[in-house]
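[1] Using only what follows, build the 3D model:
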Amino acid sequence: MAALPLRAVEVDPGTVGVAEVRAALTDRLDGDGAPFALIPRISRHITADYARMVTDAVRPGEPVEDPDTAIVVATSGSTGAPRGVLITRANLTTAVQASWRHIDGLRECSWVLALPVTSIGGFGALVRSHLAGTPLHVLPSIGGAEAFDPEALAALDVPEPFAISLVPRQITDILASPTATAWLARATAVIVGAAAMPDELADRARESGLRLVTTYGMTETTGGCVYDGVPLPGVTIDIVDGLIEVQGAQVAAGYRGGGGPFSGEGALRRFRTADHGEWHDGRLRVTGRVDDVVTVNGVNVALGAIEATIRPELGVVDVAVVAVPDDRLGHRVVAFVVLTDPARLSAIAPLVGERLGGAARPDVVHVDALPLLPNGKIDRRALAERAGRGS
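    Numbers count the residues shown, from 1 in each chain. Model (predicted):
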C-alpha cells in the first residue's frame, strides 16, 4: 500500500476549529480520509514563529512513514524545537480503551473540551468523545480565542456524567472560583496532564471535592499512559539506568523522518523517555528530566529541585527555573517567579542556597506571568532566551 501524503488542517481558534478537526478525524477513522496534521492559525495567542515550527515538524504534503497513521502531532516544543509524532489509528483506540478500563464510568461520559485541540490533551478528549459516541462540549475560548475563564467553564450546560482534561494551571484558576469548583466537582473524572502537578495543588483539589486523576505521558505515548502513578492496562513501565521506558500498543509509530528512542512493534513497542523516575509504594514517581540537571562551578544542580524549593515559600504563585551557558561557571541558573508580594524577591536566592547549596543559588527575576505555549505548558525556551540576554 502506497504511503498517503499528509494533509494539513489549519485550525481556527474556538469552536470553528474544533469542527474542522472533528471532520478530519471522522474521515480518517471511519472512512478513507487521509492522515492529517493540525496547524494552528496565527492569532493573538499563536505567533507566526510557533505556527512555522509546528509546520516544519509535521511536514504536510509529504508521505507518512506508517500507513496506519491517523494524525501527526507536534510535540510541545517547551524546551526545544517541536518534533512531529506519528500516531496511528491503533494508538488512539488502544489509549482510549485502556482509560475506559481504568476509570469506572468513563466510557459513558460526555467530554468537555477545554484544551487546544492541536495538543495531544485536547485532541484526546475529542477522540474519546468520537469513539464512545458521546457528546462533546466545547469551551468557546479554546485555541486562543480568549483567555481561559473558570466562570465561562462553569456556565457550560453539561449534564452528568462528564469528564474533562485540564492542565495544572487551569486547576489553580478554577480553585480560586467557588462557582467553578462546585461545577467541576460534578465531573466523573478530572484528568490532569501536560505538566507535573504540585502535591499541594493536588491535595487542595481533592479536598475541594474534585475527582482528580493525575497523569504521566507525552505525545510519543499518545498522551497519558500512567494514571495516579499506575500504568494503564497494556502499558509496562520500566526504569532502565534511571530513565523511564514505556512499552505498549499506545506508544506512537515514531517521529517524522525517523530516528528517536523507539523500538519494537505492536504491544512490544517501546519509547525511552528523557525522564528520571522511581517506584514509590508501587506507584511511578517522576523525579526530573535528563536536561533538568546542569553543572554549576563543577557541582551538579537539579533545576526541578530548585523549583520545588521555591514554589511553596514566600508567597510564590508560580516559578520556572532555567539554565543558560556561562563561560566562567559552566551554567548560570535563573529563576523566574510570580509573587504576591514582590518585596519578598530578595529572600528567594538565600533560601535556595541554604537548602540546596551555594551552586544552586539562582539569579531571581520577578515577572507578572510566565510565558505559556498554546497547550498550557511553560515556554521554557522563551525564558532561556530571556535569561541568555541577561534579563
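
[2] in a helix, that's where Ile39 is, yeah?
    No. Assignment of Ile39 by DSSP: H, G, I helix; E, B strand; the rest coil gives strand, placing it outside any helix.

[3] Now do the contacts for it.
    Neighbour list for Ile39: 8-11, 51, 54-55, 58, 60, 118 [criterion: Cβ atoms under 8 Å, 6 or more residues apart in numbering]. From N, CA and C alone the C-beta is placed, and that goes for glycine too.

[4] Mind naming the longest helix for this structure?
    The helix spanning the most residues in the chain, taking DSSP state H as the definition, is helix 15-30.

[5] buried set for that helix?
    Buried residues in helix 15-30, counting neighbours by 16 or more other Cβ atoms under 10 Å, are found at 15, 17-18, 20-22, 24-25, 28-29.

[6] export those residues to CSV and tack on distance to Gly133 and pLDDT?
    Putting these into CSV (distance: Cβ to Cβ, whole Å; pLDDT from 0 to 100) gives the following:
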residue, distance to Gly133, pLDDT
Thr15, 20, 82
Gly17, 22, 85
Val18, 17, 89
Glu20, 20, 88
Val21, 17, 92
Arg22, 13, 91
Ala24, 18, 92
Leu25, 13, 94
Arg28, 17, 93
Leu29, 12, 92
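
[7] which one of those is nearest Asp68?
    Nearest to Asp68 out of the buried residues of helix 15-30 is Arg28 (Cβ to Cβ; 10.2 Å).

[8] Please tell me how far the closest one sits from Ser129.
    15 Å (Cβ to Cβ, to the nearest Å).

[9] quick one: low-confidence ranges for the stretch 201-350 of the chain?
    Along the stretch 201-350 of the chain, no part satisfies pLDDT under 70.

[10] quick one: the strands in it?
    212-218, 223-227, 230-231, 236-240, 243-247, 254-255, 262-263, 270-280, 283-289, 293-296, 299-302, 316-326, 330-339 (DSSP state E, counting those that start in this stretch).

[11] among those, which is the most enclosed?
    By mean neighbour count, with neighbours taken as mean count of other Cβ atoms under 10 Å, strand 223-227 ranks first of those at a mean of 25.

[12] of the buried residues of helix 15-30, closest to Leu345?
    So of the buried residues of helix 15-30, ranked by how close each gets to Leu345 (Cβ to Cβ), first place is Gly17, at 39.6 Å.

[13] Identify the residues contacting the closest one.
    11, 41, 117, 142-143.

[14] How about Arg107?
    100, 132.

[15] Quick check on it: phi, psi?
    Torsion angles at Arg107 (phi, psi; degrees, to the nearest 10) stand at phi -60, psi -30.

[16] All the strands of the stretch 51-200 of the chain, in order from the start?
    Using DSSP E, counting those that start in this stretch, strands in the stretch 51-200 of the chain cover 69-74, 84-88, 110-113, 136-138, 162-166, 189-192.

[17] okay, the ones you listed in a markdown table with mean neighbour count next?
    Output for these, formatted as a markdown table (neighbours: other Cβ atoms under 10 Å):
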| stretch | mean neighbour count |
| --- | --- |
| strand 69-74 | 27 |
| strand 84-88 | 26 |
| strand 110-113 | 24 |
| strand 136-138 | 19 |
| strand 162-166 | 25 |
| strand 189-192 | 24 |
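
[18] Format these as JSON lines; extra columns: mean pLDDT and distance to Leu210.
    JSON lines is the format used below for the strands of the stretch 51-200 of the chain (pLDDT from 0 to 100; distance: least, Cβ to Cβ, whole Å):
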{"stretch": "strand 69-74", "mean pLDDT": "93", "distance to Leu210": "27"}
{"stretch": "strand 84-88", "mean pLDDT": "95", "distance to Leu210": "29"}
{"stretch": "strand 110-113", "mean pLDDT": "95", "distance to Leu210": "13"}
{"stretch": "strand 136-138", "mean pLDDT": "94", "distance to Leu210": "18"}
{"stretch": "strand 162-166", "mean pLDDT": "95", "distance to Leu210": "10"}
{"stretch": "strand 189-192", "mean pLDDT": "96", "distance to Leu210": "5"}
